[in-house]
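Novice: Generate a structure from the sequence data that follows.
(chains A and B)
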There are 2 protein chains.
Amino acid sequence: MDLNRLDQQIRFVLELDKLKYVLRQNYLIGQDRQENTAEHCWHLAIMALLLAEYADSKINLGRVLELILIHDLVEIYAGDTYCYDEDQTVDQEEREAQAADRLFALLPMDQSTRLHELRNEFEEGSSMEARFAASLDRLLPLLMNHYSQGRLWKEHAITADQVLTRNRHIQAGSQSLWSFAQSIIEDSISKGYLTVKSDHD
Amino acid sequence: MDLNRLDQQIRFVLELDKLKYVLRQNYLIGQDRQENTAEHCWHLAIMALLLAEYADSKINLGRVLELILIHDLVEIYAGDTYCYDEDQTVDQEEREAQAADRLFALLPMDQSTRLHELRNEFEEGSSMEARFAASLDRLLPLLMNHYSQGRLWKEHAITADQVLTRNRHIQAGSQSLWSFAQSIIEDSISKGYLTVKSDHD
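Specialist: Numbers count the residues shown, from 1 in each chain, chains lettered A, B, ... in the order given. Reported below is the predicted structural model:
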């Protein structure tokens, strides 16, 4: 056993504890607190385990789980970026790439390379597994916002159009989950959780 | 697409949100709050991804991840049981089996069966994957307690013998991680995080 290698890996595992302090915008269902990114990643991973049958073509579930587990690690240094905040998203790609360089450098070289590859695969959607993982990464917050009576959407005056535009990408991984997502959005409109901007706005 | 099936699955995914409210005993490293079980499961899963090379024989990482993601789901109804609390552990097995029956019954039958099988595999340690997952499930809290200066151990007056007895099972999945764990325990003793009971106690 190469103790230096194990030490590096353990130090990295301990650094990852910090993802539990990163708060996302969305609320837990029925609870008055926001979700953190570590919780989100677990929830997303188990959702993948349960909904894998809806991927548009055959996927390797293990690979989907790996992609999900690492996809938000950069937030340890780059923070969570709210998808509807244009000020934040403008330099998101650059901030997150720098965070990945800094964070993954803690690992032995082979594992650093592997994590960069996984992150790139997810960001670029270059495999069916990555596209399916990204579909779930949109569907789950959509569900949580819907089942929190649209609290977050109302706080930020998010419109149905914005939600449709963002979530349209669900269809890149799963046509059937996109159909389902559309029904959730329609239900959110009818319940007044999301507003529909008229031409006069 | 069988909408009734998808509805059942989605309802289950939403119920899982409650694992984020279940507090464990151990503290986050360098933070004044306890960890919840959802965070723990994510941390454990990514630890498996990084330390898979230390399993005593070849493992299927995807399977390890599945086992880890589901291994604590029963806590949604059964709560977290502190491993050194004899009052709590006495009926733990029964409480958790009942919780599994209740929770997994929300799913379509085939997935309910699958989750029961995964849980049993983990609990019984009937595969190398399960034994390795269980090894990490002991190593990670050990590390977190060590790097929180033994705060939890001190609060509960836990002794080195208790920690050694509990963590000895790490060797069922990884001899090398057990060697490493022993060095952490020794370091905890020398730093005064753990007390060694003498014969006169």
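Novice: outside of stretch A:52-67, which residues touch it?
Specialist: Contact with stretch A:52-67 is made by A:45, A:48-49, A:118, A:121-122, A:127-130, A:132-133, A:173-177, B:1, B:6, B:45, B:49, B:60-63, B:65-66, B:69, as judged by C-beta atoms under 8 Å, 6 or more residues apart in numbering or on different chains. Yep, even glycine has a C-beta here, placed from its N, CA and C like the rest.
Novice: can you check stretch A:105-113 too?
Specialist: A:5, A:8-9, A:11-12, A:15, A:104, A:115, B:50.
Novice: Would you mind listing the outside residues contacting the one helix or strand in chain A whose mean pLDDT sits lowest?
Specialist: When the helices and strands of chain A are scored by mean pLDDT, DSSP states H and E, helix A:86-89 comes last with a mean of 85. Applying C-beta under 8 Å, 6+ apart, the external contacts of helix A:86-89 come out as A:81-83.
Novice: out of these, which is most surrounded?
Specialist: For these, the largest number of neighbours (other C-beta atoms under 10 Å in any protein chain shown) sits with A:Thr81, at 19 neighbours.
Novice: What helix or strand is it located in?
Specialist: A:Thr81 belongs to no helix or strand when assigned by DSSP states H and E.
Novice: just the CA coordinates of stretch A:68-84, formatted as CSV?
Specialist: This file holds the C-alpha atoms of stretch A:68-84, laid out as CSV (Å, rounded to 0.1, in the frame of the first residue of the first chain):
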residue,chain,number,x,y,z
ILE,A,68,-23.9,12.3,-10.5
LEU,A,69,-21.7,11.8,-7.5
ILE,A,70,-19.0,14.1,-8.9
HIS,A,71,-21.0,16.6,-11.0
ASP,A,72,-21.3,19.3,-8.4
LEU,A,73,-18.0,18.9,-6.5
VAL,A,74,-16.7,22.2,-8.0
GLU,A,75,-19.3,24.0,-5.9
ILE,A,76,-17.0,23.4,-2.9
TYR,A,77,-14.9,26.3,-4.2
ALA,A,78,-17.2,27.9,-6.8
GLY,A,79,-20.4,27.9,-4.8
ASP,A,80,-23.9,27.1,-6.1
THR,A,81,-25.0,29.1,-9.1
TYR,A,82,-28.7,29.8,-9.4
CYS,A,83,-29.7,28.9,-13.0
TYR,A,84,-32.0,31.9,-13.4
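Novice: just how off-centre is it within its chain?
Specialist: When distances are taken as C-alpha atoms, centre = their mean, to the nearest Å, stretch A:68-84 is centred 8 Å away from the chain's centroid.
Novice: got it, and stretch A:86-101?
Specialist: 15 Å.
Novice: Walking through chain A, point out its strands one by one.
Specialist: For chain A, the strands defined by DSSP state E occupy A:23-27, A:34-36.
Novice: Could you tell me the least trusted of these?
Specialist: Ranked on mean pLDDT, the bottom entry among the strands of chain A is strand A:23-27, at a mean of 93.
Novice: Of all the residues in chain A, which one is nearest chain B?
Specialist: Closest to chain B within chain A is A:Gly62: 2.2 Å, counting by C-beta to the nearest C-beta.
Novice: hmm, back to that, can you flag the buried ones in the contacts of stretch A:52-67?
Specialist: Taking 16 or more other C-beta atoms under 10 Å in any protein chain shown as the criterion, what is buried in these is A:45, A:48-49, A:118, A:121-122, A:127-130, A:132-133, A:173-174, A:176-177, B:6, B:45, B:49, B:61-63, B:65-66, B:69.
Novice: what about the helices in chain A?
Specialist: For chain A, the helices defined by DSSP state H cover A:3-15, A:37-51, A:61-70, A:75-78, A:86-89, A:92-104, A:109-124, A:128-146, A:151-155, A:160-167, A:175-190.
Novice: And for A:Tyr54, the neighbour number?
Specialist: 21.
Novice: Revised request: answer the last question for A:Arg151.
Specialist: 14.
Novice: For the nearest residue to it once chain neighbours are set aside, give me its contacts.
Specialist: Leaving aside its chain neighbours, A:Arg151 sits nearest to A:Tyr27 (5.8 Å; criterion: C-beta to C-beta, 6 or more residues apart in numbering or on different chains). Counting by C-beta under 8 Å, 6+ apart, A:Tyr27 touches A:33-35, A:144, A:148, A:151-152.
Novice: go with 7 Å
Specialist: A:33-35, A:148, A:151-152 (C-beta atoms under 7 Å, 6 or more residues apart in numbering or on different chains).
Novice: cool, A:Ala134 as well?
Specialist: A:122, A:125, A:169, A:173.
Novice: coming back round to it: compare the helices of chain A and report which one is nearest to B:Leu139.
Specialist: helix A:3-15 (9.1 Å; C-beta to C-beta).
Novice: got a list of contacts for that closest one?
Specialist: With C-beta under 7 Å, 6+ apart, helix A:3-15 has contacts from A:106-108, B:29, B:47, B:50-51, B:143, B:147, B:180.
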